[in-house]
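Trainee: Give the three-dimensional model of this entry:
(2 chains)
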Amino acid sequence: MPAAPVVEWTFEKDVLNSPIPVLVVFSASWCRPSRDMAPAIEAVANELCGTIKIVEIDAERYADIKSEYAVRGLPTSILFKGGQSMARRVGAFADAESLKEWLNAELIKSSATSYASELPRATTFKLSNGLEVAVISDHRSPVVLHTLWYRVGAADEPEGLSGVARLLEHLMFKSQDDLAEGEFSKIITDLGGVHSAMSRRDMTAYVERIASDQLRPVMELEAARMSNLRLAPGEVERERQTIIEQRQSSIVLDPIMRLREKMDAALYQDHPYSAPVISKVDALNRLSRKDAMRFYKRYYAPNNAVLVVVGDVTEEEVRAMAESTYGKVPPNPDVRPRQRAPGPEVLAPRRVIHKDPRASASVFLRQYVVPSYVTAQPGEAEALDILARILCIGPSSLLQHRLVRGVGLAVRAWGAYNSDVVDHGTLVMGAGTSQRNLPAIEAAIDDAIDDIRANGLTDLQLARAKKALLADHIFAASSQMALADRYGHALANGRTVEQIEAWPTNIAKTRIDDIVRVATEYLDPRRAVTGWLQPG
Amino acid sequence: MQVEVVTSPGGIEAWLVEDRFVPAFTLHYGFDGGSAQDPAGKSGLAFLLGSILSDGLKCDATPFTEWADAWGLRHSFYVSKDAFCGGLTALRENRSEAAGLLSGMLGQPPLDPTLVEIKRKHQVAGLATRMAKPDVAAVTQWDATAFPDHPYEHPVHGTLDALTSITTDDLDAYRSRIFAKDTLKVACVGAISAAELGALLDDAFGELPATASSTDVPNVAMSSVGTTTFVELPVPQAAIVFGVDAVPRSHPDYSATMLLNHMLGGRHMSSRLVEEIRFKRGLAFSAGSEINVWRHAAALRGVIHTRSAMVGQVLELIREEFHRLTDGAFSAADIDSAKRSLAATLALPPDDNRGAAHQLLSWSLAGVGPGYPSLRQRRIEVLSDYDVRRVARRTFDPQKLSVCIAGDRSLRVEAG
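Mentor: Numbering: from 1, shown residues only, chains lettered A, B, ... in the order given. Now for the predicted structure:
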């Protein structure tokens, strides 16, 4: 399909009202660069088949359109979408490839950033006992999500008490001064709510979702168990067994989790991130009721917690309720900022090989120690987010191209940037294969990283990664839990609402140079552990 | 959540919840079919077709997945026993790209034989990983025992033999039989107006054939009543799948069954199973049950993981709890509080647009109207103690339990 010629009276219909984007090329027959560009235009019009329309306008004949869009040099290409001109370029494109790349990058870039400004926002305040509160109003339905985040997790466990953070998370549903075992859950259920809890390396959170007119009783319950836990005899023993069952199903039966546990130990060495969140059975068996209570008294306090409420409430309502419930819990003067051991030393590449009879296929994993949003210099974490996306996340990643699609080295490839932690984050890459070719996979991954360092990235790669990141960020915001998670994690880690809400703008600002710089500095083999999982 | 029934200019119907909380929308759609329409001996076909279509090539030779990623579109196919579905999430501005993606993937693009082989290989590799998991192995075995000689006996992911025998012609035949406008159901939630959705529907689905030609699937009752079967796996922690026959959503006793399930093993931490198995004895991390309603059968089922040595005790506790229900060992006050709590829990909407669109589609596929939630609430409110006790006696007879255990060799004895 050659580029369609357009006459003046169809400009509105064919360009401004077109359902698909339109590239308008202002050219003139006497203009050599315009003529030279014609084959590229035709090739791209054919290739983009229906997703974009390309029209050429004779700038001499349609002088009024030319002046309306302030066209000075020829050729000038203007991209229209939804009646608006969204990008322009003066001068010819060298070939079809460069035209297509420019078009794709501009199309993709268009407006995800401006959409981010429409995202729900949080307001914050602090109670006099130190409890930080964030409120995100969401009036879609009469429901509220109440989440309480303690600044304590597996990485805060003292020597010899591995597993106490998770054990305590479970014990928080046991007996309290005024509640028998199981009553907490029963009251929430009777009120029509659902609840859960989670513990990670740096935090422990308690979550309730309920009709918004039941927020007060939930707050009363959660505030009460901040200081009323008692624990009856036998409760610790039974809950310990439950966690052992959980460890069996989520770690022991999963060969990849086994490998990851070993890799963490090798990578982090003396740093507390080396400890598993669901600790090993012998460590769990050493924990006593006294250990759990001591840990509870030290860390569970309003000045060591963040409350995030999302839903059909206002800031004023939450403030009034929080003051009359949480506000009555005294702060703990012993709460101090964390003093963690320094991160793992950057010394030498580490390697773990795990053979597992339950593995049905081989898996490659690589984990680098990189800055997190807390430890990074400004802009570095955003650059790492984009780098991870380009390198190893999603169907267009370099790993998909170099390992899976059309190559057949691996069956699947994936990755993640674990960025919302108090100390250093990690960039993780993985690939699963049904062959015995882990060395070839490792070489291909190293090649991909070297390539970025040596040759940089294209505008199109950058635009795609930004669009995908921003789109996912926007999509997640339709979930109250994802919003609570976004704010709860970050605030508990010591970041601010301003930092959280500046993220889309910071992503949009990131340049190729920034990404190549973090790839060069942080994807250094001496900062990494490589893991091989093999059947057998 | 206000559901609007939208009809496109081309006559395609969809349920819409227009909501502007975020500048994006999610659209879920499904065709009658699913794995129940996999031809004999070719189970896993529908699932395989989904993975092939996702990675198929657009006319400019870009894979659909990659093209979608560039536009920030998220799409995946999912296959149940009864339906072949897809879910798509897009920014408000990318409606035309979303429609282009759907019409491209569903519009019978030629299947690349190399891609078919790659995806077949992936699915075969995935099978081995899946079947090494005790819960998957036990549920698969449970279905096979419950529904022999019925399409429901076959796993959605297929079997090694079946996957090996699927040809490109089989895949082509399936999609031309199943992808059609007359069985298409659509649900959409998010920042999109009725007019915008109408245009999208026509662009996405307008070219599909008018009518599907699916094979008739008969209704089926469980044939595994009162049986215990065993799958041997070298694992230290076993999975127990237990279940009884249940009534479909349209049956007058359905709401009583929901209520009883809420008391027994509903999704909360104060159910009888959680109380007895987790809290009192520390035998398992989670314990619950749910009603699985398929188009042609229904069962009340649960899965519990526990260490091998405790399987016998857990089974005994499950039977005791069933017995308690048939015995009517609960008070009128228990029923009342369960009614209030169930009604309130059901009134909690899904947490995000994807969950909401998925839930609406499942109701639409099941043939219930958009007014189903309020109907369901009313039916729970008006339940009488008499009916609850009658349904308990009929449904929860421990003699009728069908159990499948996947675990190590020592458990063969438990299975009898």
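Trainee: Quick check: residue A:184 vs chain B, distance?
Mentor: Residue A:184 is 9 Å from chain B, where distance means Cβ to the nearest Cβ, to the nearest Å. Every C-beta, even on glycine, is put in place using the N, C-alpha and C of the backbone.
Trainee: quick one: secondary structure of that residue?
Mentor: For residue A:184, the secondary-structure state derived from DSSP: H, G, I helix; E, B strand; the rest coil is helix.
Trainee: Check residue B:244 too.
Mentor: Using three-state DSSP, the secondary structure recorded for residue B:244 is strand.
Trainee: The closest residue to chain B within chain A: how many residues sit nearby?
Mentor: For chain A, the residue closest to chain B is residue A:192, as judged by Cβ to the nearest Cβ, at 1.9 Å. For residue A:192, the count of nearby residues is 20 (other Cβ atoms under 10 Å in any protein chain shown).
Trainee: now it, nearest residue through space, not along the chain?
Mentor: Among residues not flanking residue A:192 along the chain, residue B:344 sits closest, at 1.9 Å (Cβ to Cβ, 6 or more residues apart in numbering or on different chains).
Trainee: Could you pull out the buried residues of the helix or strand where that neighbour lies?
Mentor: With elements delineated by DSSP states H and E, residue B:344 resides in helix B:332-347, which encompasses its position. For helix B:332-347, a neighbour-count test (16 or more other Cβ atoms under 10 Å in any protein chain shown) marks B:335, B:338, B:339, B:340, B:341, B:342, B:343, B:344, B:345, B:347 as buried.
Trainee: The helix or strand just after it near chain A at all?
Mentor: Toward the C-terminus, helix B:332-347 is succeeded by helix B:353-366 as the next helix or strand (DSSP H and E). Yes. Contact of helix B:353-366 with chain A is found when judged by Cβ under 8 Å from any Cβ of the partner chain, involving B:353, B:354, B:355.
Trainee: still on that earlier bit, distance from the helix holding residue B:344 to the middle of the chain?
Mentor: 25 Å (Cα atoms, centre = their mean, to the nearest Å).
Trainee: So which residues make contact with that helix?
Mentor: In this structure, residues lying in contact with helix B:332-347 by Cβ atoms under 8 Å, 6 or more residues apart in numbering or on different chains are A:189-194, A:211, B:258-259, B:262-263, B:266-268, B:373, B:376-377, B:380-381, B:383, B:385, B:388.
Trainee: Which ones among the residues you listed lie within helices?
Mentor: Secondary structure of the contacts of helix B:332-347 is defined by DSSP state H; positions in helices are A:189-190, B:258-259, B:262-263, B:373, B:376-377, B:380-381, B:385, B:388.
Trainee: need the contact list for residue A:233.
Mentor: Residues touching residue A:233, when contacts are defined by Cβ under 8 Å, 6+ apart, comprise residue A:289.
Trainee: Quick check: phi and psi at it.
Mentor: Recorded main-chain torsions at residue A:233 are phi -60, psi 140, according to degrees, to the nearest 10.
Trainee: hmm, stretch A:304-318 in reach of chain B?
Mentor: No. Stretch A:304-318 is not in contact with chain B by Cβ under 8 Å from any Cβ; minimum separation 10.0 Å.
Trainee: Mind listing what's buried along that stretch?
Mentor: Neighbour counts using 16+ other Cβ under 10 Å place A:304-313, A:315, A:317-318 of stretch A:304-318 among the buried residues.
Trainee: tell me what the helix or strand where residue A:149 lies is packed against?
Mentor: Under the assignment given by DSSP H and E, the secondary-structure element containing residue A:149 is strand A:143-150. If you count contacts as 3 or more Cβ pairs under 8 Å, 6 or more residues apart in numbering or on different chains; DSSP states H and E, strand A:143-150 packs onto strand A:204-211, helix A:215-224, strand A:305-311, helix A:480-492.
Trainee: Appreciated, that's everything.
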